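> I'll drop the sequence and a predicted model, then ask my questions.
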Amino acid sequence: MGLLLNLIFPLVPAVVIVVIVLYGPIRNRWWRRETPIGFALFIGTISFMIGFAGPMVVAPGANQGPLLGVFYTGPIGLVVGLVWGIVRAVGRKNRDK
């Protein structure tokens, strides 16, 4: 039961964020997935969840497992997502000319 709660607790906010970014009711906002910031949030959330929940699944007894997501995979995913989103936006702008 404890392992199930450890998996569900961090996944609920991540799923809510991903659903808002993908299918938000207000489609013309800065956090849209097509914008660099929205894409950074999307990739950062996925990488954070992999780093946060992954160690709890692989090594449930490790007390510092979620710190991987908080200090490493989340911020790195956010930066990589932002750079990737900027490259995508520039590519779209050049393609539309």
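Noted; the coordinates are in hand.

> what stretches of this structure score poorly on pLDDT?
Regions of the chain meeting the criterion pLDDT under 70 cover residues 1-7, 20-34, 97.

> show me where it has its helices.
Listed in chain order, the helices found in the chain under DSSP state H are 2-23, 36-58, 67-68, 74-96.

> deepest in the core, which of the ones you listed is it.
Among these, helix 36-58 has the highest mean neighbour count (mean count of other C-beta atoms under 10 Å), at a mean of 19. To be clear about C-beta, it is placed using only N, CA and C from the backbone, and glycine gets the same treatment.

> got the angle for that helix vs helix 74-96?
Comparing the axes of helix 36-58 and helix 74-96 via axes from the mean of the first three to the mean of the last three C-alpha atoms, to 10 degrees yields an angle of 140 degrees.

> what helices and strands are in contact with helix 36-58?
In terms of contact count using 3 or more C-beta pairs under 8 Å, 6 or more residues apart in numbering; DSSP states H and E, helix 36-58 is assigned the packing partners helix 2-23, helix 67-68, helix 74-96.
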